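K.L.:
sequence first, predicted coordinates after that:
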Amino acid sequence: MRSHYRFYGRFLGRLRSRNLFERAPMSSSFSVKKNVRKDNQHLLSILNDQDIISKIPLEDIRNFCFIAHVDHGKSSLASRVLELTGNQGQEAQQVAYEAAREMNNVEMSNHPVAKDNKEKIELLDTLSVEKERGITVKASAATMLYSHPSAVGPEGVLLLIDTPGHVDFGREVSRSLSFVQGAVLLLDASQGIQAQTWSVYEKVGSLPSPPELIVALTKVDLDAARPIHVALTVSDWLDIEDPDSILITSARNRTGIVEVLDAVCRQVPPPNALEDDDGVFLRAQVVDSWYDSRGVNCLVHIISGILKENDRISIAHDNGKQSFSVQELGIMLPQSLRTAALRRGQMGYVRFGLKDPRQAQPGTVLVSSKESYNISNFIIPKLPESLKSTSVLYASVHPMDSDRFEELSQAVDKLVLNDTGLEVARTSGGAIGSERGGPFLGPGLKIGFQGLLHADVFRQRLLDEFDIEAIITPPKVPYQVTYLPSKNSKIKDPYTVTIEDLNNWPNAGTRFKIEEPVVEACIMAPQKYAGCVMELIKRKRGTGLKTTPIDEDVWLFTARMPWGDIVTDFHDELKNVTAGMGSLDTSEAHPPSQEADLWKIDVTLNGDIVEPLAFVCHKDVAQSEARVVCKKLQEVLPRQQFVIVIQATAGGKIIASERIKAYRKDVLTTGGSKAVGGGDITRKKKLLEKQKRGKKRQQSSGKVTLSQAAFNSIISRSS
């Protein structure tokens with residue numbers, strides 16, 4: 001307790017020294033080393049000092065990344081780091097250094113600087129979907145120059161990777177961590193530890209060679225910030241011996257940016273040289289790949305040797321069968337900067353005319369073609385199998401206009417290059433396999449996603465980048481079905497198959513058992529909502545519930561839960577019951593599946609089964625969820641000139657039904673006046689009967705238009 005009191009005083013002094021309180025600032029022992037060139041005293045920047053890169057030894061290279069819970073300020077802080085190191089231009093760099101001088105009372109050379117420090121932060125996020133939603137969906141890399149006393153050579157090179165924070169993109173975070181030697185874990189000073197915070201912290205520790213971890217608080221300038229409270233909680237939970245080592249940052253007012261860079265230079269080790277590195281044999285490992293107007297690009301990490309333009313390279317696992325000429329290479333700022341060569345320890349982009357992007361998945365090693373015969377004599381690094389992307393749910397994607405199916409196929413091919421988490425179903429012939437959409441949707445593609453947000457982002461990217469409006473059917477999780485012997489079947493021995501398409505669900509009368517995928521759910525929420533969270537977990541069939549207090553305000557809930565219930569509307573319901581303050585993360589469970597009594601619910605429109613609307617739920621809630629789905633479809637489907645009968649069936653029995661009334665024209669009037677006068681009613685009945693027969697014909701032949709809202713009603717089955 002005494003150490004906490006001493007820390008409280010020291011931490012309070014650090015906050016005051018950065019003018020984060022209204023009291024007079026205390027003197028700070030922190031000093032900023034001028035990031036200037038020793039020869040002519042101008043600010044060091046990779047835009048103006050490219051000549052230095054080739055002179056920097058391996059010992060002065062630092063590869064690191066930012067990791068955090070979603071919306072904890074990773075991209076904002078990364079932008080400020082790039083600004084300070086000159087990657088965003090000289091004017092922005094001068095503004096950043098003036099802010100650093102004001103924050104730390106450090107004298108600097110008399111450079112003309114701008115005075116406005118409140119301009120909008122320029123984020124690394126480049127996709128339109130990232131800018132609209134304010135989230136990072138794809139990791140971005142940037143190389144920087146930074147001068148620090150720890151440098152062995154003239155200066156130092158830093159490589160920063162800004163990672164996504166949402167749970168759907170956790171695999172990309174894991175891959176980024178495997179290519180760096182340091183990670184800066186960011187925590188919002190007002191929110192503290194959240195579900196993904198704990199998840200990414202465990203990811204760091206689970207790697208074979210875990211990177212050096214640096215902890216920093218972000219957004220410390222906000223009125224709701226609790227930096228001292230959060231720092232003490234973090235130090236207890238993450239076993240940080242010295243809470244004073246936690247950095248204080250704010251991207252908005254540029255607090256602590258230099259501290260972060262200095263900590264990276266001091267604490268993060270350089271890349272390790274391989275034991276058999278002779279300085280000649282080239283090994284370049286693919287970190288990421290993407291597609292642009294000029295073709296396929298690969299972000300590579302040079303493990304050994306030098307890669308230059310016009311070199312001939314081959315893929316190591318292909319044993320040199322194919323040879324490619326390096327057309328262009330350089331570094332990322334994050335925009336590309338051509339350098340003509342990449343040296344050991346550096347990361348950069350390379351374009352070498354690759355036709356099939358599947359040949360350059362993350363972890364693929366490129367070697368010199370003339371040395372490919374000698375591959376067996378050298379170490380070829382490999383990524384752990386656990387870091388490779390595997391889809392956790394599947395959905396079919398259909399164009400709104402069925403005539404644009406070929407355009408959709410080509411667009412998906414290009415998006416796969418930029419998103420390694422996508423998995424497109426293919427036939428044995430290698431063509432993209434089409435998914436049956438029936439008379440309601442037409443042809444489509446079956447695609448595997450990492451989560452619901454991943455699927456929604458994919459649909460928006462199709463619209464933003466290719467102008468294709470698509471419908472994504474409700475995602476399905478894979479089930480393990482074990483067929484059992486019975487008197488009425490020809491099955492002699494039990495056998496198990498994996499079902500990803502509900503069209504393959506066992507028929508009624510077949511003897512079988514179902515195993516559904518389960519995950520370990522980690523939920524963090526305020527203590528006052530504990531009852532609501534536990535009730536939600538129980539309602540979603542969670543088992544093994546455990547609660548652990550994080551502090552006096554926040555609790556950690558862990559439970560083993562069915563993945564099919566998580567991917568429907570669990571996250572939305574969690575936000576509802578916790579007033580938006582709950583956070584969710586999932587991880588693999590052991591064992592990964594459990595037996596359950598599940599029913600397949602088919603949805604029919606006017607007697608026609610709509611396969612994409614089928615869903616699976618537990619027997620106990622089948623009727624209630626079917627009623628909710630029918631009711632929601634009644635609300636979202638457009639009214640037609642004929643009656644639409646919506647029914648939900650299970651095992652051949654109707655368990656829920658709704659009707660949408662038809663538009664009805666008054667056939668007894670024309671132009672506001674009566675078409676049939678008074679007298680005999682026979683004429684009126686004849687007209688009404690004729691209308692009735694026409695409505696009946698339309699009901700049997702009319703087409704119901706399905707929208708994305710119709711499928712969203714299947715995803716969210718809460719009343």
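P.N.:
Here it is on my side, so go on.

K.L.:
I'd like the average pLDDT over the helix or strand hosting K686.
P.N.:
In this structure, K686 is located in helix 682-701 according to DSSP states H and E. Across helix 682-701, pLDDT averages out at 68.

K.L.:
after it comes which helix or strand?
P.N.:
As assigned by DSSP H and E, the chain's next helix or strand after helix 682-701 is helix 708-715.

K.L.:
tell me how far that following helix lies from the chain's centre.
P.N.:
Its chain's average C-alpha position is 22 Å from that of helix 708-715, according to C-alpha atoms, centre = their mean, to the nearest Å.

K.L.:
neighbouring contacts of that helix?
P.N.:
Contact with helix 708-715 is made by 452, 459, 471-475, 568-569, 603, 612-613, 615, 629, 632-633, 635-637, as judged by C-beta atoms under 8 Å, 6 or more residues apart in numbering. In short, each C-beta sits where N, CA and C put it, glycine included.

K.L.:
can you mark which positions in it are buried?
P.N.:
For helix 708-715, the buried set under the neighbour-count rule, 16 or more other C-beta atoms under 10 Å, comprises 708, 710-711, 713-715.

K.L.:
take those and write them to JSON lines, including distance to A189 and pLDDT.
P.N.:
Formatted as JSON lines, the buried residues of helix 708-715 follow (distance: C-beta to C-beta, whole Å; pLDDT from 0 to 100):
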{"residue": "Q708", "distance to A189": "38", "pLDDT": "76"}
{"residue": "A710", "distance to A189": "43", "pLDDT": "77"}
{"residue": "F711", "distance to A189": "40", "pLDDT": "79"}
{"residue": "S713", "distance to A189": "40", "pLDDT": "71"}
{"residue": "I714", "distance to A189": "40", "pLDDT": "73"}
{"residue": "I715", "distance to A189": "35", "pLDDT": "71"}
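
K.L.:
could those residues be laid out in a markdown table, adding distance to D242?
P.N.:
Shown next, in a markdown table, are these (distance: C-beta to C-beta, whole Å):
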| residue | distance to D242 |
| --- | --- |
| Q708 | 52 |
| A710 | 56 |
| F711 | 52 |
| S713 | 53 |
| I714 | 52 |
| I715 | 47 |
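
K.L.:
name the nearest of those relative to N576.
P.N.:
N576 has its nearest neighbour among the buried residues of helix 708-715 in I715, at 15.3 Å by C-beta to C-beta.

K.L.:
quick revisit: just the ones of the contacts of helix 708-715 in helices?
P.N.:
Those of those mapping onto helices are 452, 459, 629, 632-633, 635-636, per DSSP state H.

K.L.:
ok so, going back, restricted to buried residues, select the contacts of helix 708-715 in ChimeraX.
P.N.:
Paste this into ChimeraX to select the buried members of the contacts of helix 708-715, with burial taken from 16+ other C-beta under 10 Å:
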select :452,459,471,472,473,474,475,568,569,603,612,613,615,629,632,633,637
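
K.L.:
what ranges does the stretch 201-350 of the chain have for its helices?
P.N.:
Ranges of helices within the stretch 201-350 of the chain are 227-237, 257-267, based on DSSP state H, counting those that start in this stretch.

K.L.:
A96: which of the ones you listed is closest?
P.N.:
Nearest to A96 among these is helix 257-267 (6.9 Å), distances taken as C-beta to C-beta.

K.L.:
and the contacts of stretch 644-659?
P.N.:
Residues contacting stretch 644-659 (C-beta under 8 Å, 6+ apart): 508, 599-607, 622-623, 626-627, 629-631, 633-634, 637, 643, 660, 662, 704.

K.L.:
which of the residues you listed are buried?
P.N.:
599-606, 622-623, 626-627, 629-630, 633-634, 637, 643, 660, 662, 704.

K.L.:
restricted to strands, list those residues.
P.N.:
When strands are assigned by DSSP state E, the members of those inside them are 599-605, 660.

K.L.:
can you give me the neighbour number for W237?
P.N.:
W237 has 17 neighbours, counted by other C-beta atoms under 10 Å.

K.L.:
so it touches I193, yeah?
P.N.:
Yes. If you go by C-beta atoms under 8 Å, W237 and I193 touch, sitting 6.1 Å apart.

K.L.:
name the residues contacting each of the two.
P.N.:
Joint contacts of W237 and I193 (C-beta under 8 Å, 6+ apart) are I550.

K.L.:
quick check, I331 in contact with A341.
P.N.:
No. Look at I331 against A341 with C-beta under 8 Å: they stay out of range, at 10.3 Å.

K.L.:
these two: which is more packed in?
P.N.:
Ranked by neighbour count (other C-beta under 10 Å), I331 and A341 place I331 first, with 25 against 17.

K.L.:
bridged to that one, which residues?
P.N.:
The partner list for I331 in beta bridges (DSSP bridges) reads L337.

K.L.:
could you check how far it is from V287?
P.N.:
Taking C-beta to C-beta, to the nearest Å as the measure, I331 falls 13 Å from V287.

K.L.:
what do you get for D597?
P.N.:
45 Å.

K.L.:
just want to know which of those two has more residues nearby.
P.N.:
More crowded of D597 and V287, by other C-beta under 10 Å: V287, with 25 against 10.

K.L.:
surely the more buried one touches I302?
P.N.:
No. V287 lies out of contact with I302 (C-beta under 8 Å); the separation is 10.8 Å.

K.L.:
so what sits against both of those two?
P.N.:
Here V287 and I302 share the contacting residues M347, scored by C-beta under 8 Å, 6+ apart.

K.L.:
low-confidence ranges in the stretch 101-250 of the chain?
P.N.:
In the predicted model, the stretch 101-250 of the chain carries pLDDT under 70 at residues 103-137, 154-156, 165-168.

K.L.:
quick one: the strands in it?
P.N.:
Remark: strands assigned in the stretch 101-250 of the chain by DSSP state E, counting those that start in this stretch are 140-146, 156-162, 182-188, 212-218, 247-248.

K.L.:
packing partners of the first one?
P.N.:
Contact analysis of strand 140-146 by 3 or more C-beta pairs under 8 Å, 6 or more residues apart in numbering; DSSP states H and E lists helix 74-84, strand 156-162, strand 328-332, strand 347-351 as its packing neighbours.

K.L.:
now the angle from the first one to strand 182-188?
P.N.:
Right, helix 74-84. 120 degrees (axes from the mean of the first three to the mean of the last three C-alpha atoms, to 10 degrees).

K.L.:
what angle do helix 74-84 and strand 156-162 make?
P.N.:
In terms of direction (the same axes, to 10 degrees), helix 74-84 departs from strand 156-162 by 150 degrees.

K.L.:
helix 74-84 - what's its average pLDDT?
P.N.:
In this model, helix 74-84 carries a mean pLDDT of 89.

K.L.:
and that helix, how far from the chain's centre?
P.N.:
Here helix 74-84 is found 20 Å from its chain centre; the criterion is C-alpha atoms, centre = their mean.

K.L.:
check the second one too.
P.N.:
For strand 156-162, the separation from the chain centroid amounts to 21 Å (computed by C-alpha atoms, centre = their mean).

K.L.:
relative to W555, how far out is G531?
P.N.:
In this view, G531 and W555 are 11 Å apart by C-beta to C-beta.
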